[in-house]
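Colleague: What follows is a predicted structure for the sequence shown.
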Amino acid sequence: MTFSIFSLLTPGEHSDAEVIEQAIADDNFASQKRLIRELRSAQSSSGRADSAVAALLGIATSELELALSGSEDLSLSELAELAQAVDARIEYVVRPNYSAVLKSMAIDAHFQMSEEPIDLVTESEETVIAALYAA
C-alpha cells in the first residue's frame, strides 16, 4: 500500500501514523534501490567485469548479478564488501524524527498550492489543522 504525502492533510481511511509509517518504508525502499544503482554505476566506473568483482568477493557471477539486481537482501557487511570490490565507499545516513520532516513537507506543499495562506505564528494549532483538512 502506498500513500501520497498529501494523505497527511486529508482526512480519510488511514491515520496519520499509518501514512507516515508507509511513507518512511517507501523512502527507505527507494534509498535501497538507489544504493544498488550507485553500486552498479561504481562497478561500471571501476572497469571491473562481473567475473572480476565476483572473484574478489569469492562468489559466483550469478550471485553477484542477483545482488546487483536488488533481489538479494544484503547485510551491511556484504554491502561494504561489495563496495570495496567495485572501488566505492558507502556512507550511511540516518535521519531521526523523519515523521516530523514528512509532515513539514506536506504542509509546505499545501501552502505552495493554497490561495489562502494561514498565519502559523498567530493562529492556534487547531485552526491550522482545521484549515489544512478543509483544503
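Modeller: Sure thing, it's come through.
Colleague: Can you name the element that comes right after the helix or strand that residue 21 is a member of?
Modeller: Assessed by DSSP states H and E, residue 21 sits inside helix 16-46. As assigned by DSSP H and E, the chain's next helix or strand after helix 16-46 is helix 50-57.
Colleague: which helices and strands does that following helix pack with?
Modeller: On a contact count with 3 or more Cβ pairs under 8 Å, 6 or more residues apart in numbering; DSSP states H and E, helix 50-57 meets helix 61-69, helix 76-85. C-beta: built from backbone N, CA, C; applies to glycine.
Colleague: List of residues touching that helix?
Modeller: Residues from elsewhere that reach helix 50-57 (Cβ atoms under 8 Å, 6 or more residues apart in numbering): 43, 48, 60-61, 63-65, 81-82, 84-86.
Colleague: What mean pLDDT does the helix holding residue 21 get?
Modeller: Within the predicted structure, the mean pLDDT of helix 16-46 is 88.
Colleague: quick check: angle from that helix to helix 50-57?
Modeller: 110 degrees (axes from the mean of the first three to the mean of the last three Cα atoms, to 10 degrees).
Colleague: got the buried residues for helix 16-46?
Modeller: 19-20, 23, 35-36, 39, 42-43 (16 or more other Cβ atoms under 10 Å).
Colleague: Adding distance to residue 56, write those residues out as TSV.
Modeller: Formatted as TSV, the buried residues of helix 16-46 follow (distance: Cβ to Cβ, whole Å):
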residue	distance to residue 56
19	43
20	41
23	37
35	19
36	18
39	13
42	13
43	11
